[in-house]
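Undergrad: structural data only, the sequence is not supplied:
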């Protein structure tokens, strides 16, 4: 991110008229944070399973990746829905400004 992009981002955050969207700029960071948190939750499931016993440990090795994959898929779909809403808003704004 160069200085102009950083200034633009800060201007967008401080824009009280909400003419610029910040969410579209933050969506990648939000997704990355969620992926990291999902991996941490998967590791937590595995560690908890290992401490609970051999059967639970083996089960946690099977269940944890499935849980992480499901969490990431749900997050991705939700964030894509958010992006679609913002894209629709931008397109509607373009159409309204043509008149």
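TA: Great, that's in hand. For clarity, every value in this text was computed on a predicted model and none was experimentally measured.
Undergrad: make it CA atoms for all contacts and neighbour counts henceforth
TA: OK.
Undergrad: quick one: low-confidence ranges for the protein?
TA: 1-7, 9, 18, 99 (pLDDT under 70).
Undergrad: need the single longest helix in it, by residues.
TA: When the chain is scanned for its longest helix (criterion: DSSP state H), the result is helix 54-98.
Undergrad: which strands and helices sit next to that helix?
TA: helix 23-52 (3 or more Cα pairs under 8 Å, 6 or more residues apart in numbering; DSSP states H and E).
Undergrad: report the buried residues of the helix it packs on.
TA: 23, 34, 35, 38, 39, 41, 42, 43, 45, 46, 49, 50 (16 or more other Cα atoms under 10 Å).
Undergrad: chain center to it: distance?
TA: 11 Å (Cα atoms, centre = their mean, to the nearest Å).
Undergrad: just want the angle from it to helix 54-98.
TA: With axes from the mean of the first three to the mean of the last three Cα atoms, to 10 degrees defining the directions, helix 23-52 sits at 170 degrees from helix 54-98.
Undergrad: heads up, I number from 8, so please use that
TA: OK, 8 is where the count begins now, so the last one is helix 30-59.
Undergrad: enumerate every residue touching the residue most central in space within the chain.
TA: The chain has residue 38 as the residue nearest its centroid, 2.5 Å off, counting by Cα atoms, centre = their mean. Going by Cα atoms under 8 Å, 6 or more residues apart in numbering, residue 38 touches 82, 83, 86.
Undergrad: next, count neighbours for the second one.
TA: Applying other Cα atoms under 10 Å, we find 15 other residues in the vicinity of residue 83.
Undergrad: tell me how far it lies from residue 35.
TA: For residue 83, the distance to residue 35 equals 10 Å [Cα to Cα, to the nearest Å].
Undergrad: residue contacts, residue 64?
TA: With Cα under 8 Å, 6+ apart, residue 64 has these contacts: 53, 54, 55, 56, 57, 58.
Undergrad: what distance do you get for it to residue 54?
TA: Remark: distance between residue 64 and residue 54 (Cα to Cα) = 8 Å.
Undergrad: again, but for residue 41
TA: Noted for residue 41: a distance of 20 Å to residue 54, by Cα to Cα.
Undergrad: check residue 18 too.
TA: Between residue 18 and residue 54 the computed distance is 44 Å (Cα to Cα).
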